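A.B. asks: Curious how this folds, go ahead:
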Amino acid sequence: MQDLMIFLSKSLLSWLGLQACFTLVFLWYLKRHDETLLTDDLLPKTAVILCLRGADPFLPHCLRSLMNQNFPNYDLKLIFDSQEDPAWRITTEAIAETGATNVQLSTLKSIRHNCSLKCSALVQAISDLDNSYTVVALVDADTITHPNWLRELVTPLSDPKVGATTGNRWYSPTGKYWGSLVRYAGNVSTIVQMFLFGVPWGGTLAIKTEVLHQTELLNKWGEAFSDDLPIPNLLKKQRLKIKFVPSLIMVNREECDLASFFGSLQRFMTCARLYHPRWLALVSEAISSILFPTLVMGLILESLLAGDFYPAGLLFTCYFTYTVGLLLLMLAMELSIQQVIRNQGQVSTLAQLTPSLIGKMLIIIPFTQWFYGIAMISSLWESTIKWRGLSYHILSRWNVRLVAYRPYQWLDQPIDPKISL
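C.D. replies: Next up, the predicted model:
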């Protein structure tokens, strides 16, 4: 009993130390990164592609921000699967409001049934580009960009060793749903993992047009469900890097309840199992984050039932130290990324770290670990993915089947306008 107690205590605190090291590496990179932006005459002609299905909560803000980029030569390509989509009307209103002249709207010419609808849209949009575009940038409808977003995204591509650039998503820890807090807590570690593993985020991603052809990425997209996770291995074969740009950490203010988040988390875990370049490392990290704390909790309960209060107290102290340590790492991440958001000029999106919010963050840590663990385990035998009103049957990573297509309707929109689709 004593040997097991010592082993678990050391394992738990060692795992905390390892996570602290990973986080500090990320924060160090965040602080030291300083890129000199390219001048107007050096910026290449760029196509910004946004695939739309459904009216995301902050779509009008996303569109207006994309139409007001500090970039001399870019075109915004918006692709819908249908003109019946609620996003079509919102988009035309945004164009009329801003008077933008560099925006082109199109719909899918045909619905591919052997890849996701987003991948199908990307293949069509990029295939329709002429040879004048040197860079293709991808963005999601939940990304509200700052004026220098595209300039900061494209600048690192001037390095011949860099094939793609990316940012990442940061959720605000505020909101009325517990699902939003669980998503926030999980994303704190996810953003560090993606940085360490060199995994891009499709919500802010730029890639050289020549690299698209060298890697035959369009052919892969034509058979895939995920648009961003297959990219690292393809670029690695060309000996090209993916550059993470810290100033492109984009804050997300959407809400989600636990049920809807569990579905989206299952989808992410299934995609990770199929395409993540370090899937086994991801599994190992999940096991360490779930197994050690759970065993310690079980041992505490067993000791209390047996009347062994001294070992129970020692184990509880160890577990409390571990949990508070994770909370401090979350707060360090929050404060550092708040500075990034301030530099973007989006001060209104910052969370106020009140005692009440910090208390919720502390409570949510163990629940988040179990929640992610259940989602990961359930995704291991998941063969059907539901996404934005459509179902996909996943036979293998390059064998995807769209079960049945139907246009997105206003009735498909969530009742709460701030809820994620």
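A.B. asks: ok, now how distant is Glu223 from Pro230?
C.D. replies: 10 Å (CB to CB, to the nearest Å). The C-beta positions use only the backbone N, C-alpha and C, and glycine is treated the same way.
A.B. asks: higher neighbour count, those two?
C.D. replies: Ranked by neighbour count (other CB atoms under 10 Å), Glu223 and Pro230 place Pro230 first, with 24 against 16.
A.B. asks: List the contacts of the closest residue to that one other than its chain neighbours.
C.D. replies: The shortest distance from Pro230 to any non-neighbouring residue, by CB to CB, 6 or more residues apart in numbering, is to Tyr275 (5.0 Å). Shown in contact with Tyr275 (CB atoms under 8 Å, 6 or more residues apart in numbering): Ala224, Ser226, Leu229, Pro230, Arg397.
A.B. asks: change it to 10 Å
C.D. replies: By CB atoms under 10 Å, 6 or more residues apart in numbering, the residues touching Tyr275 are 199, 220, 224-233, 397-398.
A.B. asks: among those, which two are most distant?
C.D. replies: Farthest pair in those (CB to CB) is Val199 and Trp398. Separation: 18.8 Å.
A.B. asks: Kindly export stretch 289-299 (C-alpha atoms) in CSV.
C.D. replies: Provided in CSV are the C-alpha atoms of stretch 289-299 (Å, rounded to 0.1, in the frame of the first residue of the first chain):
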residue,chain,number,x,y,z
SER,A,289,-3.8,13.0,-17.5
ILE,A,290,-6.6,10.6,-16.6
LEU,A,291,-5.1,7.5,-15.1
PHE,A,292,-2.8,8.9,-12.4
PRO,A,293,-5.3,11.4,-10.9
THR,A,294,-8.1,8.8,-11.0
LEU,A,295,-5.9,6.2,-9.2
VAL,A,296,-5.0,8.7,-6.6
MET,A,297,-8.6,9.6,-6.0
GLY,A,298,-9.5,5.9,-5.8
LEU,A,299,-6.7,5.3,-3.3
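A.B. asks: What are the buried residues along it?
C.D. replies: If you call a residue buried by 16 or more other CB atoms under 10 Å, then stretch 289-299 has these buried ones: Ser289, Ile290, Leu291, Phe292, Pro293, Leu295, Val296, Leu299.
A.B. asks: just to revisit the earlier point, what residues do Glu223 and Pro230 have in common as contacts?
C.D. replies: The contact lists of Glu223 and Pro230 share Cys119, Arg397, Trp398, where a contact means CB under 10 Å, 6+ apart.
A.B. asks: Scan these and report the most crowded one.
C.D. replies: Among the shared contacts of Glu223 and Pro230, Cys119 has the most neighbours (other CB under 10 Å), with 23 neighbours.
A.B. asks: before we move on, which element is that one in?
C.D. replies: helix 117-127 (DSSP states H and E).
A.B. asks: Report the buried residues of that helix.
C.D. replies: In helix 117-127, counting by 16+ other CB under 10 Å, buried: Leu117, Lys118, Cys119, Ser120, Ala121, Leu122, Val123, Gln124, Ala125, Ile126.
A.B. asks: ok, the nearest residue to the second one once chain neighbours are set aside - contacts?
C.D. replies: The one in question is Lys118. Leaving out its chain neighbours, the residue that sits closest to Lys118 by CB to CB, 6+ apart is Cys51, at 5.0 Å. When contacts are counted by CB under 10 Å, 6+ apart, Cys51 touches 77-81, 87, 108, 116-122, 124-125, 138-141, 202, 227.
A.B. asks: SS state for Cys51?
C.D. replies: Here Cys51 is recorded as strand under DSSP: H, G, I helix; E, B strand; the rest coil.
A.B. asks: What residues are bridge-paired with it?
C.D. replies: Ile79 (DSSP bridges).
A.B. asks: and whichever helix or strand Lys10 is part of, what does it pack onto?
C.D. replies: Using DSSP H and E, Lys10 sits within helix 2-32. Helix 2-32 is packed against helix 178-197, strand 241-252, helix 279-305, helix 309-343, with contacts defined by 3 or more CB pairs under 10 Å, 6 or more residues apart in numbering; DSSP states H and E.
A.B. asks: ok, now how distant is Ser383 from Ala259?
C.D. replies: As judged by CB to CB, Ser383 and Ala259 stand 21 Å apart.
A.B. asks: and what of Phe26?
C.D. replies: Noted for Phe26: a distance of 31 Å to Ala259, by CB to CB.
A.B. asks: Neighbour count for these two, which is higher?
C.D. replies: When Phe26 is set against Ala259 and neighbours are counted by other CB under 10 Å, the residue ahead is Phe26, at 21 against 9.
A.B. asks: check contacts around the more buried one.
C.D. replies: Contacts of Phe26 by CB under 10 Å, 6+ apart are Ile191, Val192, Gln193, Met194, Phe195, Leu196, Phe244, Pro246, Ala332, Met333, Ser336.
A.B. asks: redo that, cut-off 8 Å
C.D. replies: Shown in contact with Phe26 (CB under 8 Å, 6+ apart): Ile191, Val192, Phe195, Leu196, Met333.
A.B. asks: Can you tell me the element the residue nearest to Gln238 when sequence neighbours are not counted falls in?
C.D. replies: Nearest residue to Gln238, sequence neighbours excluded (CB to CB, 6+ apart): Gln214, at 5.5 Å. Here Gln214, judged by DSSP H and E, is contained in helix 209-215.
A.B. asks: Buried residues, that helix. List them.
C.D. replies: Buried residues in helix 209-215 (16+ other CB under 10 Å): Thr209, Val211, Leu212, Thr215.
A.B. asks: Can you tell me how far the third one is from Ala137?
C.D. replies: What it means is Leu212. For Leu212 relative to Ala137 (CB to CB), the value is 12 Å.
A.B. asks: related to what we said a few turns ago, from the contacts of Tyr275, which has minimum pLDDT?
C.D. replies: Within the contacts of Tyr275, pLDDT reaches its minimum at Arg397, with 91.
A.B. asks: In three-state terms, how would Ile394 be classified?
C.D. replies: Assignment for Ile394 (three-state DSSP): strand.
A.B. asks: residues near it, how many?
C.D. replies: For Ile394, the count of nearby residues is 17 (other CB under 10 Å).
A.B. asks: which residues sit in contact with the residue nearest to it when sequence neighbours are not counted?
C.D. replies: Setting aside the residues directly before and after it, Ile394 is nearest to Ser383 in space (CB to CB, 6+ apart), at 5.4 Å. Residues counted as contacts of Ser383 (CB under 8 Å, 6+ apart) are His393, Ile394, Leu395.
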